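Q: Structure of the sequence below:
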Amino acid sequence: MIKIIPQKLKELASVCNGRLYVVGGACRDYLAGLKRSSVDWDICAPLPAEEVARSALSVGMEIKASFPLTGSLKLVSYGTLFEFTSFRKDIYSGRGHRPSAVEFTNDISADALRRDFKCNAVYYDVCGEKFIDPLGGTDDIAARRITAVACPQKLFGEDALRIMRLARFCGELGFLPDDESVDGAARCAELLRDLPAAFIRRELDGILLADKKYSVDGGHAAALEVLARTGGAAVLFNDFRADENFFASFALVPENLRFSALLAASCAGGDNISDFVRDMQKACKECAAAGYPVRAAERASCVASLAAFGGGGEDKVSLRRFLVGKGSYVAKAARLARIFGAQSSLWLEEYEKMLDEGVPFGAGQLAVGAEELANAGFARERTAEILRFLLDECAADGCQNERERLIALARRQFAAR
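A: Okay, the predicted model is just below:
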């Protein structure tokens, strides 16, 4: 471990009289043999933050931020960030993500107990060049499991965001949670409703990309499965339904479609366009509660609702025109539906026929454009309306998408100048 410690951190440890420790992810990843392009340097000591700040300045480090109430500092050296926190106990009162008070301590075991999971509570003594393991975290790392540092129900009850962190860590690291932690998280899952949307989105993004951090195959599916086991997925996305087949398929979903795939698991589906609208409105509402911007929510929700859509309740022409109206969303939804092996998706069957016919799904795919219509004598201010009409006509029959046919169709419906 000493070989990967930055020289500037060794210098800081020296002027702190050998009382500086690396803790958390850097220790866990080293012991687990996990590698990534950058290391998260969380450091701590039984020293006041003010004293460590003076020591940091003395060895040429820069102080980027200071938080006296929590005994925390952000230190920078040659572009590397070090986050320092004094040994402390966190005190929670009622629901919330942040501790209501902190109590500083010299006891490394007490500091370990304020952390979330034992695998994240292993310390490295920089000057002593040795690991210190107050809670047995090295055993968990060796066994590739995640257990809570304290009573799980207490841990998750104090900070429900830890439920999502449990899921994310399992996916990122390829570790498994113990049953006690899953049960404790399940008892506190409803508390996720009280968290700020920004925190939920940050963790959810991490869950959906959990396979990327350490290149763990299917890590995103494993993370979502843990979130589902705790009941957290059903709290965040009402009616979330998933089985082993879903998670096996979810492991194959490309990253740009994972959020839509997650939303699709809570869509009721249905055969009529009104069912699609119902699902999309529900999904958009849940996206907003999870902190996603309106446009991103609409895009993901449209793809999700289409993937869950049956389409059997619509006549052929109405269904085709509906699909053309969804433009680029249809291709993404079709990819999702195929990954999940849609069994009764009549819209998907019709979509594939439309592709074979060469049906255009946007004005740019029509054999005529606005300029050609204007040159053919149509008022420029009406070309957008005409192109929409031609798209509808081609939806019913892709063979119509030829220049002369389209201009003839336009002449029959719209008078030229």
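Q: Tell me how many other residues crowd A148.
A: The number of residues packed near A148 is 23, by other C-beta atoms under 10 Å. Placement of C-beta: from N, CA and C, glycine included.
Q: Can you name the residues that contact it?
A: D116, F117, K118, L155, F156, E180, S181, G184 (C-beta atoms under 8 Å, 6 or more residues apart in numbering).
Q: Pick out the residue nearest the middle of this structure.
A: Among the residues of the chain, the one closest to the centroid is D205, at 1.7 Å (C-alpha atoms, centre = their mean).
Q: How about the secondary structure of it?
A: helix (DSSP: H, G, I helix; E, B strand; the rest coil).
Q: Narrow the contacts of A148 to just the buried residues.
A: D116, F117, K118, L155, F156, S181, G184 (16 or more other C-beta atoms under 10 Å).
Q: what's the closest non-adjacent residue to the second one?
A: Leaving aside its chain neighbours, F117 sits nearest to I146 (5.0 Å; criterion: C-beta to C-beta, 6 or more residues apart in numbering).
Q: Ok, the first one next?
A: When the adjacent residues along the chain are set aside, D116 lies closest to R162, with 5.1 Å between them (C-beta to C-beta, 6+ apart).
Q: which element is the one you found on?
A: Taking DSSP states H and E as the criterion, R162 maps to helix 161-173.
Q: Report the mean per-residue pLDDT for that helix.
A: In this model, helix 161-173 has a mean pLDDT of 97.
Q: Show the secondary-structure elements that that helix is packed against.
A: In terms of contacts (3 or more C-beta pairs under 8 Å, 6 or more residues apart in numbering; DSSP states H and E), helix 161-173 is packed against strand 145-146, helix 152-158, strand 176-177, helix 179-188, helix 197-208, helix 210-213, helix 219-229, helix 232-236.
Q: as a whole number, average confidence for the last one?
A: In this model, helix 232-236 carries a mean pLDDT of 96.
Q: got it, and the fourth one?
A: In this model, helix 179-188 has an average pLDDT of 97.
Q: Output the contacting helices and strands for that helix.
A: Using 3+ C-beta pairs under 8 Å, 6+ apart, helix 179-188 sits against helix 152-158, helix 161-173, helix 219-229.
Q: do you know which of those helices lies nearest E129?
A: helix 161-173 (24.9 Å; C-beta to C-beta).
Q: Quick one: the helices and strands packed on helix 179-188 as JSON lines, columns for distance to D107 too.
A: JSON lines is the format used below for the helices and strands packed on helix 179-188 (distance: least, C-beta to C-beta, whole Å):
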{"stretch": "helix 152-158", "distance to D107": "19"}
{"stretch": "helix 161-173", "distance to D107": "22"}
{"stretch": "helix 219-229", "distance to D107": "32"}
